[in-house]
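*Asks:* Make a model of this:
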Amino acid sequence: MNNSKQEVTTSSAPTVVIRPSRGWIPINLRELWAYRELLYFLTWRDIKVRYKQTLLGFAWAVIQPFSMMIVFTLFFGTLAKIPSEGIPYPLFNYTALLPWTLFAEGISRSSNSLIGSVNLVQKVYFPRLIMPLAGILSPVVDFAIAFVILIGLMLYYGYPPTVNLLWLPGTSQRNASPLQGSTRRAPQHM
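*Replies:* Residues are numbered from 1 along each chain as shown. Now for the predicted structure:
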């Protein structure tokens, strides 16, 4: 019997093996920075899809918190008589609804981001944190549009904007930061 050795030829391209890590995964900022264009395009895709699918377009970003403001003012201000510390109730509600709307939309979109893009996640390697980040960044456009309306409401009710108004976007970002950490790992069954 002839014992012959088989030669195995390998290609010149390096092989990358991706394995799930155990425990908490530190955020790799260099990797996120390397894939920043992907984050930009995924965020832009979400924004375009959102506004192309609605009849009202960008007006929906104003109508949604404005209609909630009217309902809250009617029920909590007029019927329940909950005090607003002397601030006009529509302004009081609208100011509170802006960060809440951003937080709620961010939770909704970031939690569904990996499931909604499962084909992309399974076929191409990129940092999985990009998907929830894109889900969080797309509602920021709604927030910015509604923020302009807030400034108009403040002027209408005689409350000129001050430097303290600059805390609202920072507060909203702080509220959204748990969303970034909640979806750090891709599900194991993929």
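
*Asks:* SS state for the residue nearest to residue 89 when sequence neighbours are not counted?
*Replies:* Excluding its sequence neighbours, the residue lying closest to residue 89 (CB to CB, 6 or more residues apart in numbering) is residue 77, at 3.7 Å. (Glycine included, C-beta is placed from N, CA and C.) Under the three-state scheme (DSSP: H, G, I helix; E, B strand; the rest coil), residue 77 adopts helix.

*Asks:* Can you tell me the centre-most residue of the chain?
*Replies:* residue 136 (0.8 Å; CA atoms, centre = their mean).

*Asks:* now that one: how far from residue 130?
*Replies:* 11 Å (CB to CB, to the nearest Å).

*Asks:* ok, now residue 39?
*Replies:* Distance from residue 39 to residue 130, by CB to CB: 5 Å.

*Asks:* between those two, what contacts are shared?
*Replies:* Residues touching both residue 39 and residue 130 (CB atoms under 8 Å, 6 or more residues apart in numbering) are residue 32.

*Asks:* got the contact list for the residue nearest to residue 89?
*Replies:* Counted by CB under 8 Å, 6+ apart, residue 77 has contacts 84, 89, 92-93.

*Asks:* Please flag which of those sit within helices.
*Replies:* 89, 92-93 (DSSP state H).

*Asks:* could the residues you listed go into CSV alongside neighbour count and pLDDT?
*Replies:* Output for the ones in helices among the contacts of residue 77, formatted as CSV (neighbours: other CB atoms under 10 Å; pLDDT from 0 to 100):
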residue, neighbour count, pLDDT
89, 17, 88
92, 21, 89
93, 22, 90
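
*Asks:* Closest one of the residues you listed to residue 27?
*Replies:* residue 93 (35.3 Å; CB to CB).

*Asks:* residues touching that closest one, list them.
*Replies:* Neighbours of residue 93 in contact, by CB under 8 Å, 6+ apart: 68-69, 72-73, 76-77.

*Asks:* Residue 65 - how many residues pack around it?
*Replies:* 24 (other CB atoms under 10 Å).
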